[in-house]
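Asks: need a 3D model of the following:
(one chain, ligands or ions: 1)
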Amino acid sequence: MVASREALLENFAKPEGYIGEFLGDYMLHENYELNVWAAKVINAQKHDHILEIGFGPGIAIQELSKLVPDGRVVGIDYSDLMVVKAKKLNAEAIQKGQVKLLSGSVENLSLSLGEEQFDKIVAVNTAMYWKDTIQTMSKILGHLKPGGTLSIILHRADQSVRDGSCQDEIKWYSDNLYYAGFGSVYVQSQTLPRTKREFISSRKTVQEILWGYDGGEYDLAGICITATKSSTPHLYDATKLYLNVDNRFGIARSITLT
Ligand SMILES: C[S@@+](CC[C@H](N)C(=O)[O-])C[C@H]1O[C@@H](n2cnc3c(N)ncnc32)[C@H](O)[C@@H]1O
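Replies: Residues are numbered from 1 along each chain as shown. Have a look, this model is predicted:
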């Protein structure tokens, strides 16, 4: 495969074409443990109505559907290619009516979901691509039942959790959730040993293009930032907020309150 680093990074945000096919395969393996953890860490109950935003190849959707046998799992992703892939992976649950996968963007959630509300909303490795983070989070808030939760899940080097270098990024998300009107925020993290070590050619190739070498078997961790919709929402004073929203590709910047 010939692709530039920029083309790969753009394609992670919205997988399309032959690079998207390749990245779908990469994510299916590379993000497997993270997505299995994501489905568990949000504490899904068997009756829950759950939404996943940016489901990619659909692993978390598959895991969630096992955990909510008496509930329902809905997914939304704006990549038509990922919708096709995730529909294949979840064909049985879709046929049973337990899973519904939609093509649409998080910025226009209500267009796809109407007034539908959920007990839990989860977003794995995708919040860094949302266009206006605070506005998008507040639209998500509108699709949660009172007491419902939004969990933003990120894949990071385990070392960055151990040495605290991911703290600024966690604070950036937590602050934005607060400014979007969420009531409380808590953070969990977990080292994720790789269990699915099948060789896939895309892994080596993607890592060589992204970082100039095959990243090897470094440890990864999952970070889960969960915010609750409280019954007494607060409003933020936008005039006091200076926000650098250049958060593409996971390069989160910090918030400065003036
Ligand atoms: C890096 S992939 C992660 C996929 C999957 N969650 C995983 O962990 O393997 C990001 C996914 O989010 C989707 N996405 C990004 N921005 C989105 C948006 N604004 N609205 C809907 N989906 C979006 C992309 O199409 C892609 O499938």
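
Asks: low-confidence ranges, the stretch 51-200 of the chain, go.
Replies: In the predicted model, the stretch 51-200 of the chain carries pLDDT under 70 at residues 195-200.

Asks: contact residues of it facing the ligand?
Replies: Within the stretch 51-200 of the chain, the positions lying close to the ligand (CB under 6 Å from any ligand atom) are 54-56, 77-79, 82, 105-107, 124-126, 129-130. The C-beta positions use only the backbone N, C-alpha and C, and glycine is treated the same way.

Asks: for residue 70, helix, strand, or coil?
Replies: Under DSSP: H, G, I helix; E, B strand; the rest coil, residue 70 falls in the coil class.

Asks: residue 18 versus that one, what's the distance?
Replies: Distance, residue 70 to residue 18, using CB to CB, to the nearest Å: 40 Å.

Asks: which stretches of this structure form strands?
Replies: Using DSSP state E, the strands of the chain run over residues 49-53, 72-77, 99-103, 118-124, 144-157, 184-192, 220-228, 241-243, 255-257.

Asks: how about those in TSV, adding mean neighbour count?
Replies: Converted to TSV, these look like this (neighbours: other CB atoms under 10 Å):
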stretch	mean neighbour count
strand 49-53	25
strand 72-77	25
strand 99-103	19
strand 118-124	25
strand 144-157	19
strand 184-192	16
strand 220-228	22
strand 241-243	14
strand 255-257	12
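
Asks: and stretch 101-114, how far apart are its ends?
Replies: Across stretch 101-114, the terminal residues are separated by 15 Å (CA to CA, to the nearest Å).

Asks: stretch 152-167 now?
Replies: End-to-end distance of stretch 152-167 (CA to CA): 15 Å.

Asks: bridged to the residue in the stretch 151-258 of the chain that the ligand sits nearest to, which residues?
Replies: Proximity to the ligand, evaluated over the stretch 151-258 of the chain using CB to the nearest ligand atom, is greatest for residue 155 at 7.1 Å. Beta-bridge partners for residue 155, by DSSP bridges, are residue 222.

Asks: what's it in contact with, if anything?
Replies: Contacts for residue 155 (CB atoms under 8 Å, 6 or more residues apart in numbering) come out as 31, 34, 125, 220-223.

Asks: try it again at 10 Å.
Replies: 30-31, 33-35, 37-38, 124-125, 192, 220-223, 250 (CB atoms under 10 Å, 6 or more residues apart in numbering).

Asks: tell me how many other residues crowd residue 158.
Replies: 17 (other CB atoms under 10 Å).

Asks: format the strands of the chain as CSV; extra columns: distance to residue 138.
Replies: Shown next, in CSV, are the strands of the chain (distance: least, CB to CB, whole Å):
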stretch, distance to residue 138
strand 49-53, 14
strand 72-77, 17
strand 99-103, 20
strand 118-124, 13
strand 144-157, 11
strand 184-192, 14
strand 220-228, 11
strand 241-243, 13
strand 255-257, 16
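
Asks: the nearest residue to residue 66 once chain neighbours are set aside - how many residues pack around it?
Replies: Leaving aside its chain neighbours, residue 66 sits nearest to residue 39 (7.9 Å; criterion: CB to CB, 6 or more residues apart in numbering). Residues contacting residue 39 under the criterion other CB under 10 Å number 24.

Asks: may I have stretch 123-130 as PDB, with CA atoms only?
Replies: Taking Å, rounded to 0.1, in the frame of the first residue of the first chain, the C-alpha atoms of stretch 123-130 are listed here in PDB:
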ATOM      1  CA  ALA A 123     -17.500   7.100  22.000                       C
ATOM      2  CA  VAL A 124     -14.300   5.100  21.500                       C
ATOM      3  CA  ASN A 125     -11.300   6.800  19.800                       C
ATOM      4  CA  THR A 126     -13.500   9.300  18.000                       C
ATOM      5  CA  ALA A 127     -14.100  12.400  20.200                       C
ATOM      6  CA  MET A 128     -10.800  14.000  18.900                       C
ATOM      7  CA  TYR A 129     -12.500  14.400  15.500                       C
ATOM      8  CA  TRP A 130     -15.600  16.200  16.700                       C
END
